[in-house]
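# this is a predicted model, with the sequence first.
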There are 2 protein chains.
Amino acid sequence: MGVYPQLLELLIEHFKQLSGVGEKTAERYALSLIDLDETELKDFSESISLIKQTFQKCTICGHLSESDICSICKDETRNDNLICVVENYKSVFMFEKTAKFKGKYHVLGGLISPIDGINPEDLNIAPLVNRCKDKKMELIIALKPTIEGDTTTLYLKKILEKYNLKITRLSYGIPVGADIDYLDVLTLERAILDRKEVE
Amino acid sequence: MGVYPQLLELLIEHFKQLSGVGEKTAERYALSLIDLDETELKDFSESISLIKQTFQKCTICGHLSESDICSICKDETRNDNLICVVENYKSVFMFEKTAKFKGKYHVLGGLISPIDGINPEDLNIAPLVNRCKDKKMELIIALKPTIEGDTTTLYLKKILEKYNLKITRLSYGIPVGADIDYLDVLTLERAILDRKEVE
């Protein structure tokens, strides 16, 4: 509509890049920023500017990390012989919230989707094979129950079945079509307990 | 829950300061920031940091402005003898979206609310009296239909009735209890057309 000053228009565009934010919501956020005091705005701006230099990918599991190796991979009290394979770091945070899982993680960074041009070699799969090929361990594949998630699960099962592994997947306690990142914690706990071996 | 790195926790707190954002929504926004590329994050951060130095209050009407006098007060094609009195600059943007109002504005910066310690002298009222006391003009009082809005409307009517003014208020097309800032444009246009003289 062009009623906003240029800087407000810019802020509205930035807010629209966030997950699930439309035009009207972005306007509300941009306008409510102006009511914040100078210190709050400075801190907010600084926090955003620090994101890229603060975070990197853990060289072991691919999770979001503040150093080469993430705090979960470093944690010696956790079970090295149980790896939960997830699509992205948002899933890791969801699992950590349940506080029920005491193994480690492996973050694929996406799902196999030929239609979007995402093939196995685009994902963090080779390091996963290296992590588990010489050990007797369990792999929990925790991907969402969509075509891409199921395709990726079956691909992992296929390339890993020659090793001495138990390969399980989350139970169908997850509502089909839902996104693992935003499940309620109790449903996710059920799904961990009821996990099933990939046939 | 403490599952997020410190910088993510900070970002979550910042997002929670925005109008209508709760814990889970703030988490989603903070996590989706991490997926943006470096340039987008830099621009976003910079836009936020520029807010305080870019905007000031128009010395005539109190609206958000990029210079001493806002673009609406500067606009000579607009009717100087019709002033719309609003609570804050968000209302000004709403009126501008209707593109039906061709007068000027006066932004009070709040509403009279003795319970919150907000008295007439805390608001941008004295400059309004100066703007209209020596002229034959119309004042449209466009405040929300709550106790504070009605109190402020009646107070303005009382201190201004000795001057040669027509004082109107928005019609009750506005749903009672709703916030003017987020009305749909058509309802607001109706309310401008059906405005009524303060009795």
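Received it, and whenever you're ready, just let me know what you need.
# pull the contacting residues for residue A:71.
Contact analysis of residue A:71 by C-beta atoms under 8 Å, 6 or more residues apart in numbering or on different chains lists residue A:65. Every C-beta, even on glycine, is put in place using the N, C-alpha and C of the backbone.
# residues contacting the helix ranked longest in chain A, please?
As assigned by DSSP state H, the longest helix anywhere in chain A is helix A:147-160. Residues from elsewhere that reach helix A:147-160 (C-beta under 8 Å, 6+ apart): A:85, A:87, A:108, A:111-113, A:120, A:123, A:125, A:128-129, A:132-133, A:139, A:141, A:143, A:167, A:169, A:198.
# go again with 10 Å.
Residues outside helix A:147-160 that contact it (C-beta atoms under 10 Å, 6 or more residues apart in numbering or on different chains) are A:85, A:87, A:106, A:108, A:110-116, A:118-120, A:123, A:125-126, A:128-129, A:132-133, A:139, A:141-146, A:165, A:167, A:169-170, A:174, A:180, A:197-199.
# run me through the strand neighbours of whatever helix or strand comes next after that helix, direction for each.
Scanning forward in sequence from helix A:147-160 by DSSP states H and E, the next helix or strand is strand A:165-169. Strand pairing for strand A:165-169, using DSSP bridges, gives strand A:137-141 (parallel), strand A:196-197 (antiparallel).
# strand A:165-169: how far from the chain's middle?
Here strand A:165-169 is found 20 Å from its chain centre; the criterion is C-alpha atoms, centre = their mean, to the nearest Å.
# what's the mean pLDDT across that strand?
The average pLDDT for strand A:165-169 rounds to 88.
# which of the contacts of helix A:147-160 fall in helices?
Using DSSP H, the contacts of helix A:147-160 in helices are A:126, A:128-129, A:132.
# on that earlier part again, deepest-packed of the strands paired with strand A:165-169, please.
strand A:137-141 (a mean of 22; mean count of other C-beta atoms under 10 Å in any protein chain shown).
# can you give me how far that one is from the chain middle?
17 Å.
# rewinding a little: okay, angle between the longest helix of chain A and strand A:137-141 too, please.
Counting by axes from the mean of the first three to the mean of the last three C-alpha atoms, to 10 degrees, helix A:147-160 points 160 degrees away from the direction of strand A:137-141.
# would you mark the buried spots in helix A:147-160?
If you call a residue buried by 16 or more other C-beta atoms under 10 Å in any protein chain shown, then helix A:147-160 has these buried ones: A:148-153, A:155-157, A:160.
# just list what whichever strand or helix holds residue A:97 packs against, helices and strands only.
Using DSSP H and E, residue A:97 falls within helix A:89-98. Judged by 3 or more C-beta pairs under 10 Å, 6 or more residues apart in numbering or on different chains; DSSP states H and E, the packing partners of helix A:89-98 are strand A:64-65, helix A:71-74, strand A:82-86, strand A:104-107, helix A:185-193, helix B:23-34.
# want to throw the ones you listed into a markdown table with mean pLDDT and distance to residue B:185?
Formatted as a markdown table, these follow (pLDDT from 0 to 100; distance: least, C-beta to C-beta, whole Å):
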| stretch | mean pLDDT | distance to residue B:185 |
| --- | --- | --- |
| strand A:64-65 | 94 | 42 |
| helix A:71-74 | 94 | 50 |
| strand A:82-86 | 94 | 44 |
| strand A:104-107 | 96 | 45 |
| helix A:185-193 | 77 | 41 |
| helix B:23-34 | 93 | 26 |
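# fine, thanks again, bye for now.
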